[in-house]
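**Student:** everything below, folded, please.
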Amino acid sequence: MAVKKREFTCTSCGTGFPKWLGRCPVCNEWNTIEEPAPAAAPGKREGSVLPLASLNSEELKRIATGINEFNLVCGGGIVPGSVILIGGEPGIGKSTLAIQIGHFFDTLYVSGEESPMQLRQRAERLSADPSRISICTSTEVEEIIELATSHKPQCLIIDSIQTVYSSQTPGIAGSVSQIREVTVKLVELAKRTGIPVILVGHITKEGSIAGPKLLEHLVDTVLYFEGNFNRDYRLLRAIKNRFGSVNEIGLFMMTERGLAEVTDRNRVFLSPSISSAPGNAVSAALEGSRTILFEVQALVTYSGAPNPRRMADGFDVNRLILMTAVLEKHAGLKLGSFDVFVNVSGGFQINEPAADLAVAMAIASSLRDTPIPDGVGLIAEISLSGELRPVAQCARRLKEFLLAGFGTILLAAGDQKEAKDAGFGNGAIGTGTVLDAINFLL
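**Tutor:** Take a look at the predicted model:
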């Protein structure tokens, strides 16, 4: 007869071990390895089978929150029975957004970090209707599920998931095993009752939401709240979405009365005096269904160091090193004794090659101390041979340039016809190499 193997699990990091240890060798925590409680004997279960053809997808209607930016990131609204995880650094505005969302429903708000009076003061500051939000300060998930089942709210908000625990699982609140078990129970509640659940999770030092990455796989939608505390705007980005696109972003401005939607997105990332000084160039980036114009700023200064610096904020520094090498090799720019600094205005992050031409022209403009003419947009990818390549979905970028009043667009020769068809006419300048682009502009 085979001997049943005993298994032990660390309640801090979730790692399994064949025997008990005093200290976990993975997370280095003491007295966190425990033997899980034996599972209950399975009883008789009666399952049900539904033919897929018997289900009508039109009956699944999304719930609009009244916050258009949030609806856009979620794919058009909240799907009933879905579980949404909102992550971000402490103080970025997650709880503020949660209350503003809960204001549009009959919401059960579970607060494990703030008292009811603190939430009331915040709701008054945000002009939220307090009669539509019920507060619960219990952090035991079994009690929360009982309250949600009996009260049947239209939305359940957990702020935050790290403070909730299960009395049936060993470990302290916030540990890997607790977070995993609590989330599984809340997901089961959402699917069984159709109540949408919004979880608020802090980002740890390792950059993970609420500790383990496993939590992201349990929920339906993962939203990251991004932003610089030195600026007022916030970016809500979809990292995972079972019911919509994962490339959408929502733009908000943090005000005294909470998060306000940003309707003129170009105002955030585009300076009104974009061509007032050398080293400024404008390009267009795609973020889901949106096209955002942004300004690239470059500063090229003489360096006496043997290894000049290459620094970038909002742009991949490795891509910057490639651009400087291409400019030296194929455009004749002597950058070997100059420091090159590149910044994307407004703190925007660029992760696509369509911004290559704007970065290269900004560097050349700063080096020659010659500003790029006003009203010129730049979109093209630069190859290692110095050639300009067409970019994806060029028509969408061109449309945004036209709406912003740009009269000239400099792009790859392969996209010139598309630019003329879009309405630029003679203002569409197609070039074959980066050297041609520099000679035309500067």
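
**Student:** sec struct for the nearest residue to residue 140 once chain neighbours are set aside, please.
**Tutor:** In space, not counting the residues next to it along the chain, residue 140 is nearest to residue 167; the distance is 5.8 Å by Cβ to Cβ, 6 or more residues apart in numbering. C-beta here means a position set from N, CA and C on the backbone, and glycine is covered the same way. Three-state call for residue 167 (DSSP: H, G, I helix; E, B strand; the rest coil): coil.

**Student:** ok, residue 167 touching residue 145?
**Tutor:** No. Residue 167 sits out of contact with residue 145 when judged by Cβ atoms under 8 Å, with a separation of 11.7 Å.

**Student:** so the two - more neighbours on which side?
**Tutor:** Ranked by neighbour count (other Cβ atoms under 10 Å), residue 167 and residue 145 place residue 145 first, with 18 against 8.

**Student:** tell me the contacts of the more buried one?
**Tutor:** For residue 145, the contact set (Cβ atoms under 8 Å, 6 or more residues apart in numbering) comprises 185-186, 189.

**Student:** go again with 10 Å.
**Tutor:** For residue 145, the contacting residues are 156, 166, 185-186, 188-189, 192-193, by Cβ atoms under 10 Å, 6 or more residues apart in numbering.

**Student:** would you point out which residue is most central in this protein?
**Tutor:** Central residue of the chain (Cα atoms, centre = their mean): residue 237, 2.7 Å from the mean position.

**Student:** for that one, which residues make a bridge with it?
**Tutor:** Using DSSP bridges, the beta-bridge partners of residue 237 come out as residue 224, residue 249.

**Student:** how close does it get to residue 69?
**Tutor:** Going from residue 237 to residue 69 by Cβ to Cβ, to the nearest Å gives 11 Å.

**Student:** list residues touching both of the two?
**Tutor:** Contact criterion Cβ under 10 Å, 6+ apart; residues shared by residue 237 and residue 69: 248-250.

**Student:** and which of the residues you listed is nearest residue 348?
**Tutor:** For the shared contacts of residue 237 and residue 69, the residue nearest residue 348 by Cβ to Cβ is residue 249; the value is 10.2 Å.

**Student:** any idea how many residues pack against the closest one?
**Tutor:** With neighbours defined by other Cβ under 10 Å, the count for residue 249 comes to 20.

**Student:** go ahead and confirm it touches residue 236.
**Tutor:** Yes. Under the criterion of Cβ atoms under 10 Å, residue 249 makes contact with residue 236 at 6.6 Å.

**Student:** intersection of neighbour lists for these two?
**Tutor:** With Cβ under 10 Å, 6+ apart as the test, residue 249 and residue 236 both reach 69, 72-73, 223-224, 226.

**Student:** list just the nearest of the residues you listed to residue 279.
**Tutor:** Comparing the shared contacts of residue 249 and residue 236 against residue 279 with Cβ to Cβ places residue 226 closest, at 26.1 Å.

**Student:** so for that closest one, what's the nearest residue that isn't a sequence neighbour?
**Tutor:** Closest residue to residue 226 apart from its sequence neighbours, by Cβ to Cβ, 6+ apart: residue 235 at 4.3 Å.

**Student:** does that neighbour sit in a helix or strand, and which one?
**Tutor:** Residue 235 is part of strand 233-241 when elements are defined by DSSP states H and E.

**Student:** other SSEs contacting that strand?
**Tutor:** In terms of contact count using 3 or more Cβ pairs under 10 Å, 6 or more residues apart in numbering; DSSP states H and E, strand 233-241 is assigned the packing partners helix 68-74, strand 83-88, helix 94-102, helix 214-218, strand 221-226, strand 249-255, strand 258-261, helix 266-269.

**Student:** who does residue 295 bridge with?
**Tutor:** If you apply DSSP bridges, the partners that residue 295 bridges to are residue 282.

**Student:** who does the helix or strand harbouring residue 124 touch, helix- and strand-wise?
**Tutor:** Here residue 124 is covered by helix 116-125, with elements defined by DSSP H and E. The contact analysis (3+ Cβ pairs under 10 Å, 6+ apart) places helix 116-125 against helix 94-102, strand 107-111, strand 133-136, strand 258-261.

**Student:** got TSV for the ones you listed, with distance to residue 323 too?
**Tutor:** What follows is the helices and strands packed on helix 116-125, written out as TSV (distance: least, Cβ to Cβ, whole Å):
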stretch	distance to residue 323
helix 94-102	36
strand 107-111	49
strand 133-136	51
strand 258-261	35
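
**Student:** now distance to residue 380, mean pLDDT and mean neighbour count too, for the ones you listed, in JSON lines please.
**Tutor:** Compiled in JSON lines, the helices and strands packed on helix 116-125 are given as follows (distance: least, Cβ to Cβ, whole Å; pLDDT from 0 to 100; neighbours: other Cβ atoms under 10 Å):
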{"stretch": "helix 94-102", "distance to residue 380": "37", "mean pLDDT": "93", "mean neighbour count": "23"}
{"stretch": "strand 107-111", "distance to residue 380": "48", "mean pLDDT": "95", "mean neighbour count": "24"}
{"stretch": "strand 133-136", "distance to residue 380": "50", "mean pLDDT": "94", "mean neighbour count": "19"}
{"stretch": "strand 258-261", "distance to residue 380": "32", "mean pLDDT": "90", "mean neighbour count": "18"}
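
**Student:** which of these sits closest to residue 121?
**Tutor:** helix 94-102 (10.9 Å).

**Student:** okay, angle between that closest one and strand 233-241 too, please.
**Tutor:** 70 degrees (axes from the mean of the first three to the mean of the last three Cα atoms, to 10 degrees).

**Student:** show me where the chain has helices.
**Tutor:** With DSSP state H as the definition, the chain shows helices at residue ranges 68-74, 94-102, 116-125, 141-151, 176-193, 214-218, 266-269, 317-330, 356-368, 394-403, 416-419, 434-441.
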